[in-house]
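Visitor: model the structure of this input:
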Amino acid sequence: MTTTQDFVHVFESATALDAPTLLLLHGTGADEHDLLPLGRALAPGAALLSPRGKVDENGMNRWFRRLREGVFDVDDLIARTAELAAFVEAATATYDLDPKRIVVSGFSNGANTGAGLLLLHPGLVAGAALFAGGAPLQGREPAPVDLSGTRVFLGNGVADPITTIDQARLLAAQLGERGAKVRTEEHPGGHQLPPQTVARAQEWFERSDF
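Guide: Next up, the predicted model:
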């Protein structure tokens, strides 16, 4: 059985009353501390749950294996996402979190993993703010799950050479077709998270009332 000890992680308790929890998923080469400032910016006062990916790619932390740049090991992604989902459930019990008020936020590899949580484990999180991520299952069609009531913000660069804008738009379509309420924010840059996109995500989070 998966426990909170199965992932190296940081947990910060909420500092505001009736605050949600942000599940923070870092990008390739980062760790559990990387997205804490983003979490504090997106939802001031929220609880922060930030684990570290278990895959080691030439010394860089990742959430799942890839065959080469831009090509995922989809079977590994499915297995690793299931393990992460079990960790989230364990952390929900350990830290006494409201399971209906968990929002996942990730960048790049973490965004792909967050998208995997949405499509493969519907109902685990209430929403998502994902940056520089795309369709996680690549050539496979996700199951027809029900994501009604799930709110998602997607921030992507139209010139991103790693996660192409086509993959980002495909993810938006897959989520929307399954009932999620999706907001897309496209910026002119590449594989990055510019301040204006963070500002749009902050506004979206405030209006979403998680």
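Visitor: need the contact list for the nearest residue in space to residue 159 that is not next to it in sequence.
Guide: Distances taken as Cβ to Cβ, 6 or more residues apart in numbering put residue 190 closest to residue 159, at 4.8 Å, once the chain neighbours are dropped. C-betas here are computed from N, CA, C, even on glycine. Residue 190 makes contact with 157, 159-162, according to Cβ atoms under 8 Å, 6 or more residues apart in numbering.
Visitor: what confidence value was assigned to residue 3?
Guide: The pLDDT attached to residue 3 in the predicted structure is 87.
Visitor: just give the number of residues close to it.
Guide: 12 (other Cβ atoms under 10 Å).
Visitor: A helix includes residue 91, no?
Guide: Yes. Residue 91: assigned to a helix according to DSSP: H, G, I helix; E, B strand; the rest coil.
Visitor: was I right to think it contacts residue 5?
Guide: No. Using Cβ atoms under 8 Å as the test, residue 91 is too far from residue 5 to be in contact (10.5 Å).
Visitor: give me the more crowded residue out of those two.
Guide: residue 91 (23 against 10).
Visitor: how far away from the center of its chain is the strand or helix carrying residue 199?
Guide: Using DSSP states H and E, residue 199 falls within helix 195-208. Distance of helix 195-208 from its chain centroid, counting by Cα atoms, centre = their mean, to the nearest Å, is 15 Å.
Visitor: which parts of that helix are buried?
Guide: 197-198, 200-202, 204-205, 208 (16 or more other Cβ atoms under 10 Å).
Visitor: repeat for stretch 2-12
Guide: Going by 16+ other Cβ under 10 Å, stretch 2-12 has these buried residues: 2, 4, 7, 9-12.
Visitor: just stretch 140-148 next, same as before
Guide: 142, 145, 147.
Visitor: how about the first one, what does it touch?
Guide: Yep, that's residue 142 we're talking about. Residue 142 neighbours (Cβ under 8 Å, 6+ apart): 119-120, 174, 178.
Visitor: any idea how far it lies from residue 6?
Guide: 26 Å (Cβ to Cβ, to the nearest Å).
Visitor: again with the last one
Guide: From residue 147 over to residue 6 the distance is 27 Å, taken as Cβ to Cβ.
Visitor: how about the strands in the chain?
Guide: Applying DSSP state E to the chain gives strands spanning 9-12, 21-25, 47-51, 55-57, 60-62, 66-68, 71-72, 102-107, 127-131, 151-157, 181-187.
Visitor: possible to save those strands as JSON lines with mean pLDDT?
Guide: Shown next, in JSON lines, are the strands of the chain (pLDDT from 0 to 100):
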{"stretch": "strand 9-12", "mean pLDDT": "98"}
{"stretch": "strand 21-25", "mean pLDDT": "98"}
{"stretch": "strand 47-51", "mean pLDDT": "98"}
{"stretch": "strand 55-57", "mean pLDDT": "96"}
{"stretch": "strand 60-62", "mean pLDDT": "98"}
{"stretch": "strand 66-68", "mean pLDDT": "92"}
{"stretch": "strand 71-72", "mean pLDDT": "94"}
{"stretch": "strand 102-107", "mean pLDDT": "98"}
{"stretch": "strand 127-131", "mean pLDDT": "98"}
{"stretch": "strand 151-157", "mean pLDDT": "98"}
{"stretch": "strand 181-187", "mean pLDDT": "98"}
